[in-house]
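Engineer: A predicted structure for the sequence below; I have some questions about it.
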Amino acid sequence: MLCTYPDTEISLPYEEEINGFTIYIGDNPDRWRSGYSWAVCKDRVVLDEGLTFTLSDAIHSAKIAIAVL
C-alpha cells in the first residue's frame, strides 16, 4: 500500500473517503516543525491521528491506520 502521489499534485486541506473512513490532512499547526497532520475519522469521531514530514507519508500513514482499524 505504498503511496505514489507526488506532493505537488495535492492541495490542502486534503480529504478522502476510504471504506467508510475519512482521511483529513492539513498543515502541521506547529509552524516551527512544519510537516503535515493527518486524522482518520468515522462519524465525526477521530479514531487515529499523527504527524509526518511529507504529504505522501501522511496519506500512507492514514491508509495504514485504516487497514488496522
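Structural biologist: Now that the structure is in, tell me what you want to look at.
Engineer: next up, the contacts around the residue nearest the centre of the chain.
Structural biologist: Centroid-nearest residue in the chain: Trp38, 3.5 Å away (criterion: CA atoms, centre = their mean). Trp38 is in contact with Ile23, Tyr24, Ile25, Glu49, Gly50, Leu51, Thr52, Ala58, Ile59, Ser61, Ala62, counting by CB atoms under 8 Å, 6 or more residues apart in numbering. In short, each C-beta sits where N, CA and C put it, glycine included.
Engineer: helix or strand for it, which one?
Structural biologist: Using DSSP states H and E, Trp38 maps to strand 36-42.
Engineer: mind listing which of the contacts of Trp38 are in helices?
Structural biologist: Judged by DSSP state H, the subset of the contacts of Trp38 located in helices is Ala58, Ile59, Ser61, Ala62.
Engineer: of these - the most surrounded one?
Structural biologist: Within the ones in helices among the contacts of Trp38, Ala58 tops the neighbour count with 29 neighbours, counted by other CB atoms under 10 Å.
Engineer: in contact with that residue, which residues?
Structural biologist: Taking CB under 8 Å, 6+ apart as the criterion, Ala58 is in contact with Ile25, Tyr36, Ser37, Trp38, Gly50, Thr52.
Engineer: try it again at 6 Å.
Structural biologist: Shown in contact with Ala58 (CB atoms under 6 Å, 6 or more residues apart in numbering): Ile25, Tyr36, Trp38, Thr52.
Engineer: between those, which sits nearest Tyr14?
Structural biologist: Lowest distance from Tyr14 to these (CB to CB) belongs to Ile25, with 4.1 Å.
Engineer: report pLDDT for the residue nearest to the closest one when sequence neighbours are not counted.
Structural biologist: Nearest non-adjacent residue to Ile25, counting by CB to CB, 6 or more residues apart in numbering: Tyr14, 4.1 Å away. Per-residue pLDDT puts Tyr14 at 92.
Engineer: same check on Glu9?
Structural biologist: Value for Glu9, per-residue pLDDT: 71.
Engineer: tell me how far it lies from Ser56.
Structural biologist: Per CB to CB, to the nearest Å, Glu9 is found 10 Å from Ser56.
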